[in-house]
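Chemist: quick check, what structure comes out for this input:
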Amino acid sequence: MIIEFDSDRKSIVVHKIQRYFEDELQQEIGQFDAEFLLDFFAREIGPQFYNQGLQDAQAVLSARIDDLQDAISEIEKPPPS
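Modeler: Residues are numbered from 1 along each chain as shown. Have a look, this model is predicted:
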């Protein structure tokens with residue numbers, strides 16, 4: 001699976017990579033190199049972040065379902081005797 005960004009988002013992320021290199025490493029990195037680095041991270045590391053996001057979403061959804069089940073149990077009426 002390859003994670004891809006639309007051109008606007010990719011441009012923003014590439015700019016952030018360039019700024020990081022300048023601020024933290026005191027090195028300039030061109031747009032092509034920053035895009036290449038982004039593509040590498042998206043291909044090699046992106047799926048791990050994506051999968052973690054899915055696991056986090058699943059945990060939230062599961063908790064909400066538990067809450068709904070509890071709410072339904074609270075309003076459940078006993079059957080007539």
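
Chemist: next, count neighbours for residue 17.
Modeler: Number of residues near residue 17 (other Cβ atoms under 10 Å) recorded here: 19. Using the backbone N, CA and C atoms, a C-beta is placed for each residue, glycine as well.

Chemist: repeat for residue 48
Modeler: 9.

Chemist: tell me the helices and strands packed up against whichever strand or helix holds residue 15.
Modeler: Remark: residue 15 resides in helix 7-25, with elements defined by DSSP states H and E. Counting by 3 or more Cβ pairs under 8 Å, 6 or more residues apart in numbering; DSSP states H and E, the packing neighbours recorded for helix 7-25 are helix 31-44.

Chemist: what residues of the helix it packs on count as buried?
Modeler: Neighbour-count burial for helix 31-44 flags 34-35, 37-39, 42 (criterion: 16 or more other Cβ atoms under 10 Å).

Chemist: which of the residues you listed lies closest to residue 72?
Modeler: Nearest to residue 72 among the buried residues of helix 31-44: residue 42, at 41.9 Å, using Cβ to Cβ.

Chemist: the closest one touches residue 1, doesn't it?
Modeler: No: using Cβ atoms under 8 Å as the test, residue 42 is too far from residue 1 to be in contact (10.0 Å).

Chemist: thinking again about what came up before, restricting to C-alpha, output the helix holding residue 15 in PDB.
Modeler: What follows is helix 7-25, C-alpha atoms only, in PDB (Å, rounded to 0.1, in the frame of the first residue of the first chain):
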ATOM      1  CA  SER A   7      -0.800  18.200  -4.500                       C
ATOM      2  CA  ASP A   8      -1.700  20.900  -1.900                       C
ATOM      3  CA  ARG A   9      -1.100  18.700   1.000                       C
ATOM      4  CA  LYS A  10       2.200  17.400  -0.500                       C
ATOM      5  CA  SER A  11       3.400  20.900  -1.000                       C
ATOM      6  CA  ILE A  12       2.700  21.700   2.600                       C
ATOM      7  CA  VAL A  13       4.500  18.700   3.900                       C
ATOM      8  CA  VAL A  14       7.500  19.300   1.500                       C
ATOM      9  CA  HIS A  15       7.700  22.800   2.900                       C
ATOM     10  CA  LYS A  16       7.700  21.500   6.500                       C
ATOM     11  CA  ILE A  17      10.500  19.000   5.600                       C
ATOM     12  CA  GLN A  18      12.600  21.800   4.100                       C
ATOM     13  CA  ARG A  19      12.000  24.000   7.200                       C
ATOM     14  CA  TYR A  20      12.900  21.200   9.500                       C
ATOM     15  CA  PHE A  21      16.200  20.600   7.700                       C
ATOM     16  CA  GLU A  22      16.900  24.300   7.900                       C
ATOM     17  CA  ASP A  23      15.900  24.800  11.500                       C
ATOM     18  CA  GLU A  24      17.200  21.600  13.100                       C
ATOM     19  CA  LEU A  25      20.000  20.500  10.900                       C
END
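
Chemist: alright, I will stop here.
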